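S.K.: Provide a 3D model corresponding to the input given below.
(2 chains)
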Amino acid sequence: MRRVLVLLPAWAWLLAFVAAPAVILLGIAFGTGAEGVPPFRWPFGPGLAWQGSFGNLATLIQDEFYRDSLWRAALLAGSTAVLTLLLGFPMAFAIARARRGWRVPLLALVLLPFWTGFLLRMGAFIGLLRDQGLVNAALLGLGLIEEPLTLLYTEGAMLAGMVHAYLPFAVLPLYATLSRLDPVLEQAAADLGATPATVFWTVTLPLALPGVVAASLLVFIPAAGEFVIPELLGPSDALPVGRVLWQEFFSNRDWPMAAALAVALLALLIVPIRLFQRAS
Amino acid sequence: MPRWIAALVVMLLLPVVGQAQPVLNIYNWSDYIDPYVVQRFTAETGIRVRYDVFDSLETLEGKLSAGRSGYDLVVPTSEPTFARLVRAGALRPLDRARIPNWANLDPALMARAAAVDPGNRHGAIYLWGTVGMGIRPDRVRVLAPDATMDGLALLLDPRHAQRLSRCGIQVMDSATDVIPSVLRHLGLDPNTDSAEDLRAAERALLAIRPFVRAILPSGSVLDALATGDVCLALTYSGDVIQASARAREAGRGVEVAYVAPRAGAQLWFDMLAIPADAPNPEAAEAFIDFVLRPPVMATITTHVRYPNAVPAARALVSEGVRNDPSVYPTEATLAASFVATTPSQATERLRTRLWSRFKAGR
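M.R.: Below you'll find the model as predicted:
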């Protein structure tokens, strides 16, 4: 009985803020657009009479545009996860092996960007990358280029912004795992004649694997729905699902279609979460 | 009475006391008022103003469509948002008895706005303008010396666009404000429902797509013009004029000029309107009446460089702004201009598709 009482707030929270919104979203996805406030009709009319439509789900599956957007989102989130891991692992490793007094200040440095607003940091990226921006000014000043390079509104600018924004989410779980890893194990392997590379591949990395998985999920899942960074830094044709969803909701005012996309994204994100649960 | 009960009673009474001073929640475009006007309104009426801004119609419409936005006064553009909000019943009819300064409005302009709001029941024109091109004349003259700078050919002729792509071309991300102008340039009906006409517009846009660097919200286009990152942009008149003023202030030799297409510019109106569920519509009506006073309207136009619909205010606008033909269009431009009407649902779907293909470049 006591256990139920303790868990009650958690269950109530999940019900109110996760399950209920998901059910409402699913309901809207089966609705139809209509002029009014709000601009759609629920799938069930008075007396629970069915007035909904499966059209949105059919469009999602049939129309390449939407399938592509899901694929592009997975690709963007995947490349962001890989890049943040490649950058974040050495950082986390260095912090974990730093002298005791250094660790907290170094971790604080990783978290420091959060002290500034997210949009402000993206604005700073625009200032750096635009034609008359700092990067081009520096390259022109050094005589390395003749004309400004087009840096802003490219795939590269978008990836740079993504990696910058999500790096701390990779470093923290990696640090948590690596700092608990006992260096004695590595010393033992070295004593037995293993080269540093062998030690890393056979001892350090396998032991750090839970951290690597956690880090890639913590980056991949929010990055898959990201729309602000592609909108601000990416090219006009970079249309991951987050941006398409925004367009359906705001530009086309097609709330049912937007809801259907959100449900599809949710369903696709459950797959990696389940894999993680099985792995750990 | 124990002290905590007293504290509780005071806390419960606080919201009531708070309501004694009325609050007006305004939701307007960014950079679209003289802040002094809001101060003076509060000083005169005792109504506190909570002023919030948006930079795209989509954001405004999204909030109003969800209902209970909490705003008392909003400023949607006549077509498409204001028209749609009127049809959806999301706006409250204005009580003209509370807005005596309504008489100051230009009947000719109000008649054009009535195309989407029969009888002008739901909105008064706040400011208005045209859709046209912001250009850096010095750059254009160097890169495309044979181009005339008075029509959309500068943008829509691939030969010109290709050469100008070297100094940067941007188009604002707004299908409703770009497609009609393109149709008009092609000699077609800007409000056409014909799929064939729309295909012609699509071909014209796709032909220049490789030379367009970015399709961005109008606020970002304004920034790019002001910093000199682009030398040709299709956007709202007032945004170009603001960009031009900013570029002058920065003093880095960037000169920006506005050109309304000679073949006919699209006219638009931003309407002062009250959401149907506004908590304090009386305060909103008081504010509408306040800004429709000629001296107040003149201050706003001087500050933001968009023309207003109060003829008596024109003489009070600062001289530089009043005589600038890119602020107040000439009679000829006005005569050739057109107003967009609401497309049918089928046309709208075609336009949306056209626009996403233009943005994606395929």
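S.K.: quick one: residue A:36 is in a helix?
M.R.: No. Assessed with DSSP: H, G, I helix; E, B strand; the rest coil, residue A:36 is coil; it does not lie in a helix.
S.K.: List the contacts of the residue in the stretch 151-280 of chain A that chain B sits nearest to.
M.R.: For the stretch 151-280 of chain A, the residue closest to chain B is residue A:250, as judged by CB to the nearest CB, at 3.6 Å. Yep, even glycine has a C-beta here, placed from its N, CA and C like the rest. By CB atoms under 8 Å, 6 or more residues apart in numbering or on different chains, residue A:250 lies in contact with B:56, B:58, B:59, B:61, B:62.
S.K.: Could you report the distance from the fourth one to residue A:41?
M.R.: Which is residue B:61. Note on residue B:61: its distance to residue A:41, by CB to CB, to the nearest Å, is 18 Å.
S.K.: more crowded one of the two?
M.R.: Using other CB atoms under 10 Å in any protein chain shown as the criterion, residue B:61 and residue A:41 rank with residue B:61 on top: 24 against 17.
S.K.: what's the host helix or strand of the more buried one in contact with?
M.R.: Taking DSSP states H and E as the criterion, residue B:61 maps to helix B:57-66. Helix B:57-66 is contacted by residues A:37-39, A:249-251, A:253, A:255, B:27, B:54, B:69, B:71, B:74, B:76-77, B:80-81, B:84-85, B:88, B:90, B:174, B:275 when judged by CB under 8 Å, 6+ apart.
S.K.: tell me the phi and psi of the closest residue to residue A:51 other than its chain neighbours?
M.R.: Sequence neighbours aside, residue A:45 is the residue nearest to residue A:51 in space, at 4.6 Å (criterion: CB to CB, 6 or more residues apart in numbering or on different chains). With angles defined as degrees, to the nearest 10, residue A:45 sits at phi -90, psi -170.
S.K.: quick one, what contacts residue B:76?
M.R.: With CB under 8 Å, 6+ apart, residue B:76 has these contacts: B:57, B:60, B:61, B:82, B:85, B:123, B:270, B:271, B:273.
S.K.: can you check residue B:255 too?
M.R.: Contacts for residue B:255 (CB under 8 Å, 6+ apart) come out as B:136, B:137, B:138, B:244, B:247, B:248.
S.K.: Distance check, the residue of the stretch 51-200 of chain B at minimum distance from chain A against residue B:359.
M.R.: For the stretch 51-200 of chain B and chain A, the shortest gap (CB to the nearest CB) falls at residue B:58, measuring 3.6 Å. Distance, residue B:58 to residue B:359, by CB to CB: 14 Å.
S.K.: Would you mind listing what in the stretch 51-200 of chain B touches chain A?
M.R.: The interface of the stretch 51-200 of chain B toward chain A, taken as CB under 8 Å from any CB of the partner chain, is made up of B:56, B:58-59, B:61-62, B:64-67, B:84, B:87-90, B:168, B:173, B:175.
S.K.: Name the residues of the longest strand anywhere in chain B that are buried.
M.R.: What stands out as the longest strand in chain B, according to DSSP state E, is strand B:124-135. Buried positions in strand B:124-135, judged by neighbour count with 16 or more other CB atoms under 10 Å in any protein chain shown: B:124, B:125, B:126, B:127, B:128, B:129, B:130, B:131, B:132, B:133, B:134, B:135.
S.K.: List the buried residues of the following helix or strand past it.
M.R.: Once strand B:124-135 ends, the next helix or strand along the chain (criterion: DSSP H and E) is helix B:137-143. Judged by neighbour count using 16+ other CB under 10 Å, the buried positions of helix B:137-143 are B:139, B:140, B:143.
S.K.: measure the first one to residue B:251 for me?
M.R.: Distance, residue B:139 to residue B:251, using CB to CB: 18 Å.
S.K.: Show me where the chain dips below the pLDDT cut-off.
M.R.: By default, I'm working from chain A. A:1, A:280 (pLDDT under 70).
S.K.: that answer is for a different chain, and I need it for chain B
M.R.: B:1-20, B:362.
S.K.: What ranges does the chain have for its strands?
M.R.: Using chain A here. So, for chain A - with DSSP E - the strands run A:32-33, A:40-41.
S.K.: was after chain B, sorry
M.R.: Under DSSP E, chain B gives strands at B:23-29, B:48-54, B:73-74, B:124-135, B:169-172, B:214-216, B:232-236, B:257-259, B:266-272, B:338-339.
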